[in-house]
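Novice: The following block contains a protein sequence and its predicted model.
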Amino acid sequence: MSSQASSDSFIDDLGIPSDTGSASLSNVLNTLRPVEKRDSGSTVPRTTEQQSSEGSECAIQVLYEGPPKCQCCKNWVEEYPDDLRRQVEDQAAIKQKAFIKRMRKNHDDGKPLVLDSIVVQSSSLKKTLGEVFDGYKGITPSLKKVVFKSPFHPFYHRWGLFTEIVERQKREDTASAAYSVLLYNELQKELGDVMSEIHDHIHHGVITYQLLWALFEPGELIVASKGGHERFYVVQGCKYNAKDGYLAVTANFVDWDGRRFGYAKETLAICEYPGTQAITSLSAYPADLHPSQDEARVKAINRGQKFRDLRGFQYKAYSGLTANRGSVKIDGRIVVDASSYFHANPDEQETLGDLDSESIAPQMNVMEETHVDDDDDDYGGWRCGTGRRRESRRRERLKQRKIENGEISEEREPDPVYDLTDEQLLLCSTRVRGYSLKLKRWVLFDLKNISDIAWNDGAFPKLMLPNGYQNLILSFVEAQSDKKLAFDDIIEGKGMGVIMLLVGQPGTGKTLTAEAVADKVRKPLYMLSAGELGQDAQSVEDRLRTVLELTEKWDAVLLFDECDVFLQERSIDNMAHNEIVAVFLRLLEYYRGIMLMTTNRANAIDRAFQSRIHLTLHYPELNSVAKEHIWKQFTSQLEQDSTLTDDVYSRLAQLPMNGRQIKNTVKIAALLAHKEKAELSIEHVRTVLHATSEAHGEII
């Protein structure tokens, strides 16, 4: 519909005689305004806004892009081309217009001039637009000028509301309606064809890449395929990347930073494609177009509840690929702990927005570009818009990040209650941050691969230990778990941990003891070897301090395996070793957790360690009875049948093998039998023993 036709319709709605239909809208308004008498007795129209005020004239001023005067700003002139060189928008007559149309050169095919922007000056229009864009940040009627730039996408998203407001004003506020209709008709000419094309495409369930932006209204819910999940987001905005050929959709979701839940941002990229594509086949699209939206919502909310329950730090099992780039397969125990993750990876820390509508409200930039004088530019000649202060904002973010990291480094327990609404649960991330105890790495974990631990309660009773060892070990560990029973040193903070030394040859059950104890008391087991700590005192101190802090925080059992190099007695000939031992002793002094150390060289232990070890247990060599029991125990755990008899087990027990060697032999023999699709037999065991040089004589 043309601007003239719309004006005629509006005139009819106001009940004005039809013979005025050819008049300008300004003249029509004059018939509606109260009049006042001049001294001469003539009358003049009186506007609702003073004629001298900006935007008071219900008319449009068209400006054109003139020859540039600087590198940063467009030079707007009344006529194009023209010799006019002064800033025409400062002229009084132009400042009185309701809004200004600014036309720029078109460097593409088609019209020589295209609409660049609309500068709204009318206070009535600014008030109306404040209602149209309610919920957007950045637009307020108090601004002197409100600038909307082509291609005017926000107006498309709020066109229905704009139409409703105009119709209401026609009925209730004719003065405001006149200004609103003026802008409405101008935008209708600019957007009408595009809106019709968009509606037609969406009606048929398809969209072109050029019109893809129309699907992503700021503040609306979308669904996206991400990491094998259907995830829900709230749109912040979108922008085409012409260089790399994709539409970047900035979207909000709910995340956890180790201290609180909040909104985080993620960029979803939809690559350029030819022709049309089914909307629901896109990697992201509006949630209300999802063919099974209710089912998808229920699934996402349930997943959000799992995400919520994994706040703080949790000890879990994991089986599957990690959610990092360059994902790896993990089958083992993990600790979910976002706070410690960010402490170890501060560059990944982002400040979360509060869980309120203000945090995810779309931002609209309606400010005029400002000219930057080269002489006054403190930022290396950066030009118009937001770029000038970008560096100062970056520095402020870095300063704030340091503050945030400082807070995170403090051990603070999370609040006990977090009531997320269903709409917030819907937006929860599908990944949690934590530590892989197997890989010894900080990792992003996929929620779908996390499960509760299947505790091995049968391992501890089956330990082949001397009489009384099991109860002794368990009593020490359980006493440490019960803080009321913890024994403190005279000096506060010292001697509050439990340190046990397990002495014995390889394969006698020292490591198995630690694994069984950890499962018995439902605690994480952190296995540490001397090689992980480095070779100089500083690296040993840094790494060991980190491990001790984590295991104490997680209330874990720390197994320091084969720690002979740290326990070895000091001498005046090896100062570097002495420094390492001194560091180790000092850190152990204030450790509050449970540590099990293993060694096979008890006679070489430094005397200073002996006073810090609460319990030393000696593991004897396995006798034939113990070895026969171990052979039977490992074969009974197999999922395949076995033809091994008691006589065979008795003969196998005579071999000079330790527990680890027996375990490896059974495992390899079982794989061999599985390949042959046969039951495990003595022949399979014999083959492995001969191959590994474990057979002795004709005993088997």
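Specialist: Received, thanks.

Novice: Now do the contacts for V234.
Specialist: If you count contacts by CB atoms under 8 Å, 6 or more residues apart in numbering, V234 has them with 219-222, 251-253, 360, 427. Glycine gets a C-beta too; all of them are placed from N, C-alpha and C.

Novice: Just name the lowest-scoring one in those, pLDDT-wise.
Specialist: Lowest in pLDDT among these is I360, which has 82.

Novice: okay but it is in contact with L221, surely?
Specialist: No. Using CB atoms under 8 Å, I360 is not in contact with L221; the gap is 11.0 Å.

Novice: Narrow the contacts of V234 to those that are buried.
Specialist: Neighbour counting by 16 or more other CB atoms under 10 Å classes 219, 221-222, 251-253, 360, 427 among those as buried.

Novice: Nearest to L212 among these?
Specialist: I222 (12.0 Å; CB to CB).

Novice: What distance do you get for G507 to S429?
Specialist: According to CB to CB, to the nearest Å, G507 and S429 sit 44 Å apart.

Novice: Could you check which of those two is surrounded by more residues?
Specialist: Neighbour totals were compared for G507 and S429, and S429 leads with 23 against 20 (other CB atoms under 10 Å).

Novice: per-residue pLDDT, that one?
Specialist: Listed pLDDT for S429 reads 96.

Novice: try W76
Specialist: So, for W76, pLDDT stands at 72.

Novice: hang on, it is in a helix, isn't it?
Specialist: No. If the criterion is DSSP: H, G, I helix; E, B strand; the rest coil, then W76 is strand and not within a helix.

Novice: Kindly export stretch 631-644 (C-alpha atoms) in PDB.
Specialist: Output in PDB follows, covering the C-alpha atoms of stretch 631-644 (Å, rounded to 0.1, in the frame of the first residue of the first chain):
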ATOM      1  CA  TRP A 631      43.900 -67.200  40.300                       C
ATOM      2  CA  LYS A 632      40.400 -68.300  41.200                       C
ATOM      3  CA  GLN A 633      39.200 -64.700  42.000                       C
ATOM      4  CA  PHE A 634      40.300 -63.300  38.600                       C
ATOM      5  CA  THR A 635      39.000 -66.100  36.500                       C
ATOM      6  CA  SER A 636      35.600 -66.000  38.400                       C
ATOM      7  CA  GLN A 637      35.300 -62.300  37.300                       C
ATOM      8  CA  LEU A 638      35.400 -63.300  33.600                       C
ATOM      9  CA  GLU A 639      32.200 -63.300  31.500                       C
ATOM     10  CA  GLN A 640      33.200 -66.500  29.800                       C
ATOM     11  CA  ASP A 641      33.200 -70.100  31.100                       C
ATOM     12  CA  SER A 642      36.400 -71.900  32.200                       C
ATOM     13  CA  THR A 643      37.600 -75.500  32.200                       C
ATOM     14  CA  LEU A 644      40.200 -74.900  34.900                       C
END
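
Novice: Residues in contact with that stretch: which ones?
Specialist: In contact with stretch 631-644 (CB under 8 Å, 6+ apart) are residues 462, 649, 652-653, 662-663, 666-667, 670, 673-674, 679-682, 685.

Novice: picking that back up, so of the contacts of V234, which ones are in strands?
Specialist: 221-222, 251-253 (DSSP state E).

Novice: So what's the residue count around A556?
Specialist: By other CB under 10 Å, the residues close to A556 number 21.

Novice: Tell me the helix or strand right after the helix ranked longest in the chain.
Specialist: Counting by DSSP state H, the longest helix found in the chain is helix 174-203. As assigned by DSSP states H and E, the chain's next helix or strand after helix 174-203 is strand 206-208.

Novice: pLDDT of that following strand, averaged?
Specialist: 95.

Novice: Equivalent analysis for stretch 163-173, please.
Specialist: Across stretch 163-173, pLDDT averages out at 93.

Novice: Sheet-wise, list the partners of the lengthiest strand in the chain with their directions.
Specialist: Secondary structure of the chain read by DSSP E shows that its longest strand is strand 229-241. Each strand paired with strand 229-241, and its direction, by DSSP bridges: strand 221-226 (antiparallel), strand 246-256 (antiparallel).

Novice: Can you read off the pLDDT for the nearest residue to L420 once chain neighbours are set aside?
Specialist: Spatial nearest neighbour of L420, excluding adjacent residues (CB to CB, 6 or more residues apart in numbering): R308 at 5.6 Å. Looking at R308, its pLDDT stands at 95.

Novice: Against V366, how distant is R308?
Specialist: The gap separating R308 from V366 is 38 Å, by CB to CB.

Novice: Which of those two has more residues huddled nearby?
Specialist: For R308 and V366, the more surrounded residue by other CB under 10 Å is V366, and the numbers stand at 20 against 17.

Novice: Quick one: neighbours of S124, just the number.
Specialist: When neighbours are defined as other CB under 10 Å, S124 has 23 of them.

Novice: Just give the number of residues close to V557.
Specialist: That count, for V557 with other CB under 10 Å as the rule, works out to 26.

Novice: go on, A92?
Specialist: The number of residues packed near A92 is 8, by other CB under 10 Å.

Novice: Equivalent analysis for F216, please.
Specialist: F216, neighbours per other CB under 10 Å, totals 24.

Novice: got it, and G531?
Specialist: G531, neighbours per other CB under 10 Å, totals 9.

Novice: doesn't it fall inside a strand?
Specialist: No. Using three-state DSSP, the secondary structure at G531 is helix, not a strand.
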